[in-house]
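Asker: okay, sequence plus prediction incoming.
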Amino acid sequence: MQNLKESDAISLSAPFPYVLVTSLDEKERPNAMGVAWVTRTSFEPFLIMISIDRRRYSHQGIQMHKEFVVNYPNIDQADAALICGTKSGRDGDKIKLAGLKLVDSVAVKVPTIEGVTVAFECKVVDQFETGDHTVFVGKVVGTSGNPEKSKHLYVSSKFKLFGMEGDADSA
């Protein structure tokens with residue numbers, strides 16, 4: 001074992017699931033942000049948490065509306081997902097730029113990205129500060145998806161997106 005720089009340790013711990021978090025901005029316009037810091041944190045109630053840098057455009061919208069959708073894009077959506085992870089919604093409509101389509105969600109006002117492997121609609125039930133990020137804990141209040149598109153995205157240490165087959169079978 002050897003001591004590692006933090007950046008090297010983070011690189012060695014990759015890959016991470018890569019999701020697009022949809023939210024509404026202060027004028028209720030939809031936005032999508034690429035996020036790799038996402039995890040399920042409870043089954044009962046079903047909770048998911050995301051960690052968002054407070055400087056990000058999506059942060060303000062999630063803070064204001066207390067809702068977000070965690071969309072797992074499929075491999076066919078990799079180029080669009082990369083656009084959403086490298087552009088800012090402050091500068092324009094990156095959902096349109098990426099060629100993504102939105103559909104109404106089941107239980108929240110925030111839209112879902114059409115065609116994703118799975119989408120978890122969340123209402124914020126808690127949030128806390130962790131250094132330069134806010135962790136938003138969302139209670140899952142609706143789900144939808146496309147089991148036939150189970151190859152969702154992961155991000156490597158070099159910010160390359162790739163797909164891995166998920167297991168769509170029920171337990």
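Answerer: That came through, no problem.
Asker: please make it C-alpha for all contacts and neighbour counts, starting now.
Answerer: Will do.
Asker: mind listing the strands in the chain by residue range?
Answerer: Secondary structure of the chain by DSSP state E: the strands cover 16-17, 19-24, 30-35, 38-42, 47-53, 67-72, 102-103, 112-113, 118-130, 133-145, 151-155, 161-165.
Asker: now the angle from the last one to strand 151-155?
Answerer: This means strand 161-165. 140 degrees (axes from the mean of the first three to the mean of the last three CA atoms, to 10 degrees).
Asker: can you list the strands that strand 161-165 pairs with?
Answerer: Sheet partners assigned to strand 161-165 using DSSP bridges are listed as strand 151-155 (antiparallel).
Asker: identify each buried residue in the partner strand, please.
Answerer: Under the neighbour-count criterion of 16 or more other CA atoms under 10 Å, strand 151-155 has 151-155 buried.
Asker: that older thread, mind putting the strands of the chain in JSON lines, mean pLDDT and distance to Arg90 included?
Answerer: Shown next, in JSON lines, are those (pLDDT from 0 to 100; distance: least, CA to CA, whole Å):
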{"stretch": "strand 16-17", "mean pLDDT": "90", "distance to Arg90": "25"}
{"stretch": "strand 19-24", "mean pLDDT": "97", "distance to Arg90": "12"}
{"stretch": "strand 30-35", "mean pLDDT": "96", "distance to Arg90": "9"}
{"stretch": "strand 38-42", "mean pLDDT": "96", "distance to Arg90": "23"}
{"stretch": "strand 47-53", "mean pLDDT": "97", "distance to Arg90": "15"}
{"stretch": "strand 67-72", "mean pLDDT": "98", "distance to Arg90": "18"}
{"stretch": "strand 102-103", "mean pLDDT": "98", "distance to Arg90": "19"}
{"stretch": "strand 112-113", "mean pLDDT": "98", "distance to Arg90": "19"}
{"stretch": "strand 118-130", "mean pLDDT": "98", "distance to Arg90": "23"}
{"stretch": "strand 133-145", "mean pLDDT": "98", "distance to Arg90": "19"}
{"stretch": "strand 151-155", "mean pLDDT": "87", "distance to Arg90": "24"}
{"stretch": "strand 161-165", "mean pLDDT": "77", "distance to Arg90": "23"}
